[in-house]
Structures are given as structure tokens and as C-alpha cells.
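Student: Sharing a model prediction with you, sequence too.
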Amino acid sequence: MAKRVSETTTEALSRLERSLARERAFRREAEALLEGLALVSGWTGSPLALFSELAERLREFVGYDQAALLLETRTRGLVRLAATDDRLPRIWHAGATFRRVLRGAVVIAYDTGILPEWAESDTAGSALLLPFAVAGRRGIVLLASGQRAFFHRSHERLAARFTPLVERALLQLELRRSQRAQARLAELGADLTARVGSLERATSRLGVGVLVFRGPTLVHASATAEKLLAPAGGARRVARSLRSALDANEMSGRVTFEGDAGPLIYDLEGLEDEATTLVLVRDVSAKARDRRERTALRERLHVLIQSLDSAVLVETEGREVALTNRAFCDFFGLESTPEGLTGANSEATLRGLAPLFCNASTFEARVRQLVDQRERVTGEPLHLWDGRTFERDFVPIIADGNYLGHLWQFRDISARERARGDLQRAREAALAASDAKSRFLAMMSHDMRTPLNAILGVAELVRDDVDEAIGSQVDIIRRNGVTLLGLIEDLLDLTRVEAGVLRLDPEPTDVLGTIRYAALLHAEAARRKGIRLTLELPDVLPTMLLDEKRLQQVVTNLVGNAVKFTEEGQVSVHLGARPAGGSEWTLELAVVDQGIGMSPEVLARIFEPFRQASDETRRRYGGAGLGLAITDALVHAMQGSIDVASSLGEGTRFLVRVPTRAVKRRTERPVPEVLRLDPSLSVLIVEDDPDSRHYALSVLSRAGAQVASVSDGSEVEPAVAARAFDVILMDLDMKQMGGIEAARRLRERQLERGEVPTPIIALSASADAGSRERCLAVGMEAFAAKPIEARELVSLVCHHTRPPVVLVDDDEDLRTVVHRFLSRAGYRTEVHASAREFTASTLSPRSLVLVDMQLGARNGLELVAALRAADHRGPIVVLTGEDPGEARPLALGAGAMDLWQKPLSRQELLSRVATITAGRCAQGSRSTPERCILRGSLSAGRTS
């Protein structure tokens, strides 16, 4: 019994002691709370210092290690407002536990995993979390201990009593801050407008607008801001959206509105100052649009690179693979994908590819060189061991002056190289064929013209020696020979066109004279058919640079066709010329006939070779159908055009347009008042009368000749033996030996020695026919009666000092024909069959030499060059059956003065020879009997 009483008493005493302890603890807690309240009421320091003081009071009762005050942010996270230990994180993630506390729950956490930020700390053990709320803002009081399961419900109740102190302290501090802000706002409000205006002036130049908010209300918008926000509806309309964006992103953000032309995007930067928020607004719609376009462009570029047939490798500045494509992997047999190569060391990649190339070391060295040089290189060929050929490009990538990397591109050009090789071989074969064609043309031109030259020449010779009956048959031969020559010319021209070797020889040309001559060649044919041939030509045209022969050929073909296909009516030839600027002109030649005309079907193929309207047309009018095809080719070779208009039964009109250039006429010698003789001309006067001798010597000396004189015929032979003379003026009646005897003896002597006879002109006061006959019988060239005027004397000497003509040609028929033509015309002529035979003869320095271009064993041009090298100053002309356009430059280059194309008619040959050998004097006046050319005036060009 006593024992039970004792136990009861002990238990009561224990309860009493615990009660007294709780009372003492409560009293201490109350005192601490009162002290904390007093502390809060009179506190003027910072929130951190106040929290630290309150936390120290609480630590005496709870015994925690760390405490922190966490405040909820606008982004729904937590930020450390104050703490007793800086090791605690500043930013906390509002996880599920924190959200429970913010909603009002008190949490004791023994598992630190629910608080990741704190769990990473080396002080983590257990925690007590209590909620609080001040001025609409929520927060958490965090008490932490390094011991696990440290906190319990008594700590929770005690800490809960501590929380109101924290709320009151924060509220008091917020109140004080608001009061200070209002006071400061009142102080600064006066100059807010001025400061905003200054800011607006600075930012408007940058295209930045300014907005001013007081709380959520927009109180001011700059003009720039209004302008920027106008597409979105204006600043007032979108103010709430702008403010919300700022609040949600801590005074910095971006807002998007839908506009008529697409999204309107604005960047916002806010600055809070108490109750005022200053916001800078920038319209970045264009930048965003550009960014989207760049992104789309990059995507398209990526797709493009991936779809390229060529291999592409893009490297960074550090030689890493930034981009490649499927073709790169396929080209070099890589098993990796393009994405798998990204980021790889490209130097090592290319080094691994080097053995694929024929020269690996050269490949690697060139790669390093290109990377170091950083210069664009394109189209470098690379040859691989497997027979492929690549083409490599290196392109440095530079932006704003900064080197960002480079791009390699490889193209497989194996097929192209094979095609190029095939093309080169085909070209060489074509050139060989063209060369063969050219050689064939040259051979055929020569070999066909040469016999025709003999045929036509002999026909002319025979025609002079036969009666009219046989002569008409010879005319048939000549006429058909000329026709055959024309056909050969056409065939050769057509072959030149097809071979692409048709050449033009432009030279200063008298266009009016050329066209008039070519058209009037058909005047006789028109007259025989009763057709009127009319020419409408300008009065004056400048000298034009044209191929005279080809222009004449065009006119001849067109007018010839017009006359041939016209049975009655007329054929008109009209020439117009239009200046085209500067010295450029355009010639327009129209040939119009009233002939049979052509159908549209015939017109469509009129310029095709061997084409005529029908077989009936061919039978009726003849011809090979080559003229218009050649005319078309010639006109186009002149860079011109030819058009034709025709209706069946109503005639045809051809219009030729040819561009050309006006040139100055070749400078001609001034025409002197008196005849001038060549200063190299040597004249011997044989006259016994001193006055007559002095007169002749004075006249000829003043004319420029070198003159010597003797007083008797017996002195002629010694004088000629001592000096070569070009001409001798021989008086007939002299005291010791007369002129006839002296001439006879001189001729016999020269004949014995094989010398070229010196021309002798008889001068006599006796003009009877017997004297003339006797003079000519002994070999004198001319007879003149005394007295003789000075001009007539000089003209006589000029006429009879023509140089001999020497022909060198291996064609015997041609030599015979030319010799007879020239001999019958009074020329002293020599002919030689070869260069060797020619060089073995004695050549007069005055001789006109006609040289065939093809002399069998020796080229005629070599002979021309040898003559010039031997200082032969006489005229040299090359004869050829080839195309003169190609042969002329070669002949002139060798030293010839001109080139003549075979065959030549007798009239044409004599005319050309006469032009060159007309004498050795200059023309004195238009009344001079004939035109004479000084030997010294001959040059390597065409004769005037």
C-alpha cells in the first residue's frame, strides 16, 4: 500500500515538474516573442539583418542549424530573400512539396530528396517548412538541421507562432519601402516628363519607342512607340498585353500580334523604379522574318546540297566536317552517312581518301596549300586509279571579313573527258579531212584551169587565122569552153563553201564601177531577147572595202538569172547605200525581173545546190542550179543577207544587204604638166646635126632620163658595147654611116651574141613610105618624122621602152598560147619550162616576169623570193589556178607585185600586161596617148 502511494506521489511530482518546465518554456517563448515583436516594431535596418535577429531568437527554442526566408517569384519559382547561411541555394524550384506549403500546409521533411536544391548541400538532414503571406506575395520559412528526424510537432507549433512575426516584419518593411518610393516618386515626378522626353529623343533615332507605366496603367507612349505599335492596333489597345508580357518575364520579353502582312513581333525591355515602369519597344518583325527566311534558306540549301550530283564537303575553320552530302560518300566509297561524318576531323578524312588518287602525296600537299592560301580555285582536274576523273573546287567561306571555313566540291567529269577526247579525235579527223579537201581543191583548181587556159587560148589564136566558116566553129569551142570554165568555178566555189575554206579578199573597191560592169556583161544577152536592162545607181559613192571579185560574182549570178528566166519585159538593177555610223555603210542591191517567177515550194529550197524549179525548167533554161547557192554563201561570207520574193508568173525580186566600210582612195601620183621619164632609163641619141642632137638631149634630160649621144652611125656599136641602153634614137641621114646601116649592123651583132635587141626609133626629115619600110626591115621598132615636139618625143620614148616579158610555166600549151598572144601584140617575149632553165638565162633588169605558182619540182614562190633576193627590181606576177584569196597573201609576201588567176582571155592578158609594161614614164596629162607607169613606182600590191 505504502509502495503504491509512493509511486503515485512520484508520478504526480513528475507531472508537476513537467508542467512547471512547460510553463517556464512558455514564459521564455512569450518573452522571446515579445522581444521579437519589439524588435520588429523598432527595426530600421535591412530585411536580412532583421531576419537574422528573429532567427537567433527562435534558434534558442528550436535548435535548428540553418534558416531561410523564401519568396515566390512571378515565374512561380522561389528566391532566397534572407538566410542565416549563404551556402543555401538562392533559387529554388517550386516542386510539389513547396507548392503544398505555399497553399498553407506546414511540412516536416525527413526525406531531403523532396527538396533537390537542399539535398545537394552537405548540411542536408531534415527540414521544417512553414507558409507565410505578405501583401499578396507568398513565401516559405525554411528551418533546416543536419540531423535526420530532428524536427517534431512541438517545433512546428513553436515555429508557427514565430511566423506572424516574420509576416509583420515583412509587411512593415514593405510599408516603409512604399512610403519611401512614394516620397521619391513625388520628388522625381516633376522631371519625369523631361527625362522621358530626353530618352525619346535618343531612342527615336534608333527606331526604339518608349512606354511609361504606373502600375498596370499606360500613362505615356512616345511618337515612335505609337508608330511602331500602330499596325497592332495602337499603344493603348495592346498596353495590357505588353504589361503582362513584362510581368511574366521579369521586365524583359517578346510579344507577338497578328498583322495584315504577317506576324508583328516586338522586343520589350522594362525598368522598374518604384511605381513607374519604363519600357523600351522595338519592332523586330523584319528581323524575325529575316531569321525565318534564313532558316528556310538554310533548310533549302541543305536539301539542295543533299540532292546535288557533285560531292560537297564543308569544313569549319578548325578543319572539322560541318556538312557533307550523300554524293560525297558515294564518290569515295564511304560506308558512313553524311550525318555520321559531321564533326569528324576532315584532314584525317581527306588523308584517308588520298590513296584513291593517282598521286596521293601531291593530292595531300595541294589540299594543305589550298587551305593555307584561302583563295578560291575552281575546275582543278583530279585523276583516280580506277580511271575516273574528278574536277575539284575550293571555296573559302568569309562573312564580314571573318574566315569561317571552306567548301570542297568534287564533280565526276569522266564522261565529259571521254567525250572531249572523242571530240578532239573527231576534230583532228575533221581537220585532216578539211586539209585534204583544201589540197584537193588546190590541185583540182590548178589541174582543171590549166588545160582550159590552153583550150581557150588556142581557140582565140585559131580564130585569128581562119575564115568565117571555120571561125564560127571555133567560136562554138570558145563559147562552150567559157561555159565549162564557169561550171568549174561554181563547183569549186561550192566545194569551198562545204569545206569551210571560202575566203574573201577585201580591198578598196569602186562599187559603182564593179556593179555597172557586172550588170552590163548581160546587156548583149538581154538585147538579143528584147529585154530592157535598166540600172538605177547613185551618182557618187565612196570607195568601199569589199572583195571586188566576189561582189561582181554576186551581181553576175543574180542579173544572169534574171535575164535567163525573163522572156519579155525588163530586168532592173537598183543599188542603194545607207550610212550606218562613222565609216560604216550598208549596201542594198535589188535585182527585179518580170520573168516566170517561182512557187512557194520552189522558194523554200531556192538556195539549195543543184536545185531548179523542175526538170522542164532545167531542160528549157539549162544550168546546174549552183548559182544561187553560191550567191547565198558569198553574201553570208560578207556578213550580209539575201531575201527573195516571187510569185509564179509575176517575176522575182532579190534583195541583198551587205555591210561595208568606206575607205580613202589609194593615194595617186600628182599629175605633172609634162611627161617624166624613169631616172634609170638610158637613151642613146645618134644625130650628126649639133642643134638637133642638143634639142633631143635637152628634152630627154629634162624629162629625167640618162642621155648619151654620138654624131655618126659608125659610133653606135662601140657605144652599145660600152654601155647598155634602153632605147636608141637614130637619125637616118648621117655623113659617114647612115642610120639604116648602123641599125642593121647592131642587130646582126646582138643576134650573134644572143642579146636582147635594143629598141631603135628612126628619126628622119624624110617621111616617104620607102624610108619607113627600110627602117622596119632592118629591125627598127618605130619611125618618126622630124621636126618632133618635145611631148611627142618623150611619149615616143616612153611607148617603146616596154620591158620584155618572161614566162616561166611548166605547161607547154600555156607557154605556146601566151607567147603567141604577146608576140603578136608586139612584146618581146621569152618562155621557160622550169626554174632551172629560167635561172640559166640572162634576165634583163627591166623584164616583167610571169611565174606559175606550181612549177613541179620547185615552188614558183621560191623563184619569186630568189629573184627579189638577187635584186631584180622589175615587176613579177604570179599565175595560179588556185583560189586567189588564199594564194594572194603568199605571193605578195614572197615579193610579187600581183597575182593573176588562170585562165586569162587574150584581151584580159594583154590589158594587164599593157598596164604594167606601158612604158617607163609618168603620165603627163589626160591628153597623153597612153598611160605609162614608172618602174620605180611598182610595189608589192595591186597596180593602179
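Tutor: Good, I have the coordinates.
Student: residue boundaries of the helices in the stretch 401-550 of the chain?
Tutor: For the stretch 401-550 of the chain, the helices defined by DSSP state H, counting those that start in this stretch occupy 414-465, 468-499, 511-520, 523-529, 548-564.
Student: which parts of the third one are buried?
Tutor: Pointing back at helix 511-520 there. For helix 511-520, a neighbour-count test (16 or more other Cβ atoms under 10 Å) marks V511, L512, T514, I515, R516, A518, A519 as buried. Every residue, glycine included, has its C-beta placed from N, CA and C.
Student: any chance of the helices of the stretch 401-550 of the chain in CSV, with mean pLDDT too?
Tutor: Listed next are the helices of the stretch 401-550 of the chain as CSV, based on pLDDT from 0 to 100:
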stretch, mean pLDDT
helix 414-465, 74
helix 468-499, 71
helix 511-520, 86
helix 523-529, 85
helix 548-564, 88
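Student: Dump these to JSON lines, plus distance to L158.
Tutor: Formatted as JSON lines, those follow (distance: least, Cβ to Cβ, whole Å):
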{"stretch": "helix 414-465", "distance to L158": "90"}
{"stretch": "helix 468-499", "distance to L158": "120"}
{"stretch": "helix 511-520", "distance to L158": "128"}
{"stretch": "helix 523-529", "distance to L158": "142"}
{"stretch": "helix 548-564", "distance to L158": "126"}
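Student: about what we covered before: so which of the buried residues of helix 511-520 comes closest to V540?
Tutor: L512 (8.0 Å; Cβ to Cβ).
Student: wait, what's in contact with the closest one?
Tutor: L537, P538, L541, L575 (Cβ atoms under 8 Å, 6 or more residues apart in numbering).
Student: Phi first, then psi, for the third one.
Tutor: Pointing back at L541 there. Per-residue torsions, L541: phi -140, psi 150 (degrees, to the nearest 10).
Student: Show me the helices in the stretch 751-900 of the chain, by range?
Tutor: Under the criterion DSSP H, counting those that start in this stretch, the stretch 751-900 of the chain contains helices at 769-777, 790-799, 812-824, 835-839, 860-869, 884-894.
Student: Pull out the buried residues from the last one.
Tutor: In other words, helix 884-894. Quick answer for helix 884-894 (16+ other Cβ under 10 Å): P884, G885, E886, A887, R888, L890, A891, L892, A894.
Student: can you pull up the bridge partners for the closest residue to the fourth one other than its chain neighbours?
Tutor: The spatially closest residue to A887, leaving aside those adjacent along the chain, is T880, at 5.1 Å (Cβ to Cβ, 6 or more residues apart in numbering). The residues listed as beta-bridge partners of T880 by DSSP bridges are Q901.
Student: can you count the residues close to T880?
Tutor: By other Cβ atoms under 10 Å, the residues close to T880 number 26.
Student: close enough to count as contact, S709 and R693?
Tutor: Yes. Under the criterion of Cβ atoms under 8 Å, S709 makes contact with R693 at 5.3 Å.
Student: Mind listing the shared neighbours of those two?
Tutor: Here S709 and R693 have I685, E687 as joint contacts, going by Cβ under 8 Å, 6+ apart.
Student: Now do the domain split for this protein, please.
Tutor: Per automatic domain parsing, the domain ranges recorded for the chain read 23-179, 206-289, 308-412, 506-661, 682-799, 805-937.
Student: Could you give the average pLDDT over the third one?
Tutor: The average pLDDT for domain 308-412 rounds to 87.
Student: same check, this time on stretch 229-239
Tutor: Taken as a whole, stretch 229-239 has a mean pLDDT of 84.
Student: Identify all contacting residues around it.
Tutor: For stretch 229-239, contacts defined as Cβ under 8 Å, 6+ apart pick out 209, 211, 213, 217-218, 221, 225-226, 255, 257, 259-261, 264, 266, 281.
Student: what's the most distant pair in those?
Tutor: Comparing every pair within these by Cβ to Cβ identifies T217 and A261 as the most remote, at 30.4 Å.
Student: okay, the two: which has more neighbours?
Tutor: Between T217 and A261, counting by other Cβ under 10 Å, T217 is the more crowded of the two (11 against 8).
Student: Quick check: pLDDT value at I761.
Tutor: With respect to pLDDT, I761 scores 91.
Student: That one: how many residues sit nearby?
Tutor: I761 has 21 neighbouring residues, counting by other Cβ under 10 Å.
Student: same thing with L297?
Tutor: Using other Cβ under 10 Å, the number of residues around L297 comes to 12.
Student: ok, now L484?
Tutor: Count around L484 with other Cβ under 10 Å applied: 14.
Student: likewise T73?
Tutor: Neighbour count of T73, defined by other Cβ under 10 Å: 14.
Student: re earlier: kindly compare burial across the helices of the stretch 401-550 of the chain and name the winner.
Tutor: For the helices of the stretch 401-550 of the chain, ranked by mean neighbour count under the definition mean count of other Cβ atoms under 10 Å, the leader is helix 548-564 at a mean of 22.
Student: tell me the angle of it relative to helix 884-894?
Tutor: Put simply, helix 548-564 runs at 150 degrees to helix 884-894, going by axes from the mean of the first three to the mean of the last three Cα atoms, to 10 degrees.
Student: next one: helix 548-564 to chain centre, how far?
Tutor: Centroid separation for helix 548-564 versus its chain: 39 Å, with Cα atoms, centre = their mean, to the nearest Å.
Student: who touches it?
Tutor: Helix 548-564 is contacted by residues 504-505, 507, 509, 511, 514-515, 517-519, 521-522, 525-526, 529, 531, 533, 571, 573, 589, 591-593, 595, 621, 623, 627-628, 630-631, 634-635, 637-638, 652, 654, 656, 658, 884 when judged by Cβ under 8 Å, 6+ apart.
Student: List the ones among those that fall in strands.
Tutor: Per DSSP state E, strands hold the following members of those: 507, 509, 533, 571, 573, 589, 591-593, 652, 654, 656, 658.
Student: Could you identify which of those has the most neighbours?
Tutor: Among those, the one with the most neighbours (other Cβ under 10 Å) is V571, at 28 neighbours.
Student: I'd assumed G530 was in contact with that residue.
Tutor: No. V571 is not in contact with G530 according to Cβ under 8 Å; the separation is 11.8 Å.
Student: Just the buried positions in the helix or strand harbouring F257, please.
Tutor: Secondary structure from DSSP states H and E places F257 in strand 252-259. By neighbour count on 16+ other Cβ under 10 Å, the buried set for strand 252-259 is G253, V255, F257.
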